[in-house]
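**Q** Predicted model and sequence follow; I will ask about them next.
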Amino acid sequence: MRILIADDQPGIRKRVCAILASRIALDTCDEAADGQEAVEKAQELNPDLIILDITMPVMNGLDAARKIRQFSPDIPILILTMHKSRQLMEEAQKIGVRGYVVKAEAGQDLVTAVKTLLQKQTFFPAGL
């Protein structure tokens with residue numbers, strides 16, 4: 001399984017890769033530092049799952065998700081963000097994002113969300 005993680009903070013990318021590698025069968029964990037790089041790598045690598053932060057330089061995660069949807073409508077996208085916002089979550093859903101996890105709750109939700117998306121289901125917290 002190949003996962004692409006886009007976040008402008010290298011430490012977050014490394015931690016997410018480590019958490020996922022310890023809990024699921026992960027072949028490759030590719031990284032992108034901004035939304036534009038995420039779009040380019042998504043097109044090049046065709047990952048099984050993409051995890052996007054919202055607040056990134058060059059192109060934000062929601063705009064990156066829109067672009068990725070144009071050429072890869074079936075790749076599940078999970079938003080992993082610091083923004084605990086129902087409005088942003090609903091905007092992500094309209095784009096076709098299949099999951100939303102707040103970084104503060106990633107310890108309890110991230111692995112569950114990834115597994116859920118890989119089973120072709122959605123993961124959106126009810127409490128937002």
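**A** Structure's in. What do you need?
**Q** what about the helices in the protein?
**A** All helices of the chain, identified by DSSP state H, fall at 10-23, 35-45, 61-71, 86-95, 106-118.
**Q** Tell me which residues touch the residue nearest the centre of the chain, please.
**A** Computing the C-alpha centroid of the chain and ranking residues by CA atoms, centre = their mean puts Ile51 first, at 1.6 Å. Under the criterion of CB atoms under 8 Å, 6 or more residues apart in numbering, the contact list for Ile51 reads 3-7, 16, 77-80, 114. Using the backbone N, CA and C atoms, a C-beta is placed for each residue, glycine as well.
**Q** would CSV of the helices of the chain with mean neighbour count, mean pLDDT and distance to Pro125 be doable?
**A** What follows is the helices of the chain, written out as CSV (neighbours: other CB atoms under 10 Å; pLDDT from 0 to 100; distance: least, CB to CB, whole Å):
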stretch, mean neighbour count, mean pLDDT, distance to Pro125
helix 10-23, 15, 88, 18
helix 35-45, 19, 95, 23
helix 61-71, 20, 96, 17
helix 86-95, 15, 93, 8
helix 106-118, 18, 90, 7
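**Q** who wins for proximity to Leu128 among the ones you listed?
**A** Comparison of the helices of the chain against Leu128 by CB to CB identifies helix 86-95 as nearest, at 4.6 Å.
**Q** contacting residues around that closest one?
**A** 54, 62, 65-66, 69, 79, 81, 100, 124-125, 128.
**Q** right, and out of those residues, which lies closest to Lys41?
**A** If you rank those by distance to Lys41 using CB to CB, Ala65 comes first, at 13.6 Å.
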